[in-house]
Every structure is written in C-alpha cells, then in structure tokens.
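Trainee: any chance you could fold what I've pasted below:
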Amino acid sequence: MTTMIAMQLDAPGQPLRRVERPMPEPGPGQIRVRVRACGVCRTDLHVVDGDIHGTLPIVPGHEIVGTVDALGAGVAGLAVGTRVGVPWLGHACGHCPWCESGRENLCDDPLFTGFTRDGGYASHCLADVRFAFPLPGAFDDVHAAPLLCAGLIGYRAYRMAGDADVLGLYGFGAAAHILAQVAIWQGKRVLALTSPGDTAAQDFARGLGCAWAGGSDELPPEKLDAAILFAPVGALVPAALKAVKKGGRVVCAGIHMSDIPAFPYADLWEERQIVSVANLTRADGEEFLPLAAAAGVRTHVTALPLAEANAALDRLRKGEVEGALVLVP
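Mentor: Sure, this is the predicted structure:
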C-alpha cells in the first residue's frame, strides 16, 4: 500500500504528531498535490493552540506549494506536473447569497485548508481544483509559500484600507513584510509599528524601504490614512484609531484577536472606521499573485524540515521569526 506522511493535530494544545496514512485518492473535481513547501502561518498557531476550533484530528497548513500528481474525475484545466498553490479557502458552496454576490470568502458552507480539511504539513494533500492557483515562475517553491496566505490576506486587507497614501502596519511579520513591498512599489509611504523594543524587526522594516519604524506603543511621526493590524492584539485597535486621520480606517486582518478594550467615542468620531478581513476569494489570488511578481516581491523565509513543524510553531509563538517560516517535506 502506498502511504504518505503528515504532521497531525489530535487535540488543541498538544504537539503535532507524525503519522503515516494511506495515500489519498482525489474525488470528483479534486486534485492530489505532492507538497513541495508549506508556509507556517499565525492562523496555524491559532488552530494548534485552540484559539479557533475546527475539525479534529487535522493536518494544519494552508500556504501550500506543490505539483499536481493525480486528477479526480471531471478535472480540466490542470495537468499532472503543474505547479499550484493551495490557499486557506479550500471550497465554497457556490450557491449561497454570499457566493452568488461575489463574496465567497463569507460562504455559509465553506471548507478551510488545514482547519476543516487536511492541509499541507504533509507529503501530499487533496484540493478542490477550482481553489488551486497556478503560480508565477518568478517565485521558487519555498519563497512562493508565504504568498498563499500572508500575501493574499495582506493584499485583501490592503484593498480594504482604501486609497491610503500613508499606511501604518502594526506587526511586521510574514504578511506585513510582503505587503510593505507591494505598497512601496506603488508609491505609498509605509510606517511599521512592531512590538515595543523589537529593534530587529524595525531594522528589517527600514531595510525593505519603510519610511519609519518604531514600537506599537508610540504614535507614528505623521497621521496615517489607514492602519492594518496584523498583530492579534485587541489593544492596538484604540492605538491605531489615535494614529489615523479623520475619515481614516483601521483594518483588522487576523482571524483571531484578543478582546478590544473600551475606548472613548471621540477616538472613533470624525468618520473613522474599524473593519475586519475574513478569509479570501479566488479573485484575490488571481489579482495578487501576478502583482507580487510584477512588484518584484521577495519573501524572506527560513526553511525547515517538515519534521520540525512543532519547533517552527514554537518559534512563531515566541515571536522569533523574521519574515516567514516554511516547512519542506
């Protein structure tokens, strides 16, 4: 019997466990992907730590780069050997009001890769062919992986920020370091706000072209048109409101955030807004991936063997990551 390997979560708060499983066969409309690389995302950490609750046991991982090695019935448009990326949104029903209005990210009956469907911390995975993206040749496997969530969610948050010439990024990790490059390429002034005292992250941000970098406990030196919060810290919402101009927007980009503390209405007044980002659409990927290639985005990654998935998650949990971590089977 042909088998595959995976790092499986059996219960929240437990280490991932290496398992050997029968090789899955793709069903109708599915492809099987031989995983070449899978990014380690903060959402994976929320899954493993039990901040969000989905299917168990589960194989995490939703920044998947691999090659198609088997096709299910009815699959067209992709051939065996095609390199693809598999993102967080793994399936949408296509017929609920959200899907029919072009907002499949809010689908009433979705499947999420690495959360309610097994993901890419494995040698192989299954994917809905409609939710797999051919990848630009500008990126090798390891450097492409963070684009599949850090890049896509960052880009969706960026679009929701509106026409912001001065943009503040709270938390400068995998998503922010990608988005900053796109925004700077488009002529925006980007200000990075990191954990207080994290001079390494601030140096990293300045090295990528950010106009200013400092601690999130500081007010930036100029008013922001918009702020995007990648750090899952609710207390940053009132801080960001103080930093944006009249009519400014604060975009909360994470799937999970600690509670937002009370703040004076005066900080929200003058048509400031707080909005959240939920998931992504296929249109986001179709727009962002070519844009990232055109902008010359270079993801900063550290590659680790799949067997070190627990160590990678612990490094992310401790904030010991510059750029992104990527697991390689």
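Trainee: now what about the lowest-mean-pLDDT helix or strand in the chain, what contacts it?
Mentor: Evaluated with mean pLDDT, DSSP states H and E, the helix-and-strand set of the chain has its lowest mean pLDDT in strand 133-134, which scores a mean of 92. The contact list for strand 133-134 (CB atoms under 8 Å, 6 or more residues apart in numbering) reads 78, 82-87, 148, 282, 285-286, 289. Placement of C-beta: from N, CA and C, glycine included.
Trainee: 7 Å instead?
Mentor: 82, 84-85, 285, 289 (CB atoms under 7 Å, 6 or more residues apart in numbering).
Trainee: for residue 211, give me its contacts.
Mentor: By CB under 7 Å, 6+ apart, the contact set of residue 211 is 189-191.
Trainee: and it, how far is that from residue 224?
Mentor: Residue 211 sits 11 Å away from residue 224, going by CB to CB, to the nearest Å.
Trainee: who touches both of the two?
Mentor: Counting by CB under 7 Å, 6+ apart, the contacts common to residue 211 and residue 224 are residue 191.
Trainee: now do the host helix or strand of residue 227: which elements does it pack against?
Mentor: Following DSSP states H and E, the helix or strand that holds residue 227 is strand 224-229. With contacts defined as 3 or more CB pairs under 7 Å, 6 or more residues apart in numbering; DSSP states H and E, the packing partners of strand 224-229 are strand 166-170, helix 236-243, strand 244-252.
Trainee: so what touches it?
Mentor: Contacts of strand 224-229 (CB under 7 Å, 6+ apart): 157-158, 161-162, 164-171, 191, 236-237, 240, 243-245, 248-253.
Trainee: and the nearest residue to residue 260 once chain neighbours are set aside, what does it touch?
Mentor: The shortest distance from residue 260 to any residue other than its chain neighbours is 4.0 Å, reached at residue 234 (CB to CB, 6 or more residues apart in numbering). If you count contacts by CB under 7 Å, 6+ apart, residue 234 has them with 257-261.
Trainee: one more time with 6 Å
Mentor: 257-260 (CB atoms under 6 Å, 6 or more residues apart in numbering).
Trainee: just say helix, strand or coil for it.
Mentor: For residue 234, the assignment made with DSSP: H, G, I helix; E, B strand; the rest coil gives coil.
Trainee: quick one, helices of this protein?
Mentor: Using DSSP state H, the helices of the chain run over residues 42-49, 97-100, 141-144, 150-160, 174-185, 199-207, 236-243, 265-268, 282-294, 309-317.
Trainee: dump the second one to CSV, restricted to CA.
Mentor: The reference is to helix 97-100. C-alpha atoms of helix 97-100 as CSV (Å, rounded to 0.1, in the frame of the first residue of the first chain):
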residue,chain,number,x,y,z
PRO,A,97,-26.2,34.6,-1.2
TRP,A,98,-22.6,35.4,-0.4
CYS,A,99,-21.1,33.2,-3.2
GLU,A,100,-23.7,34.5,-5.6
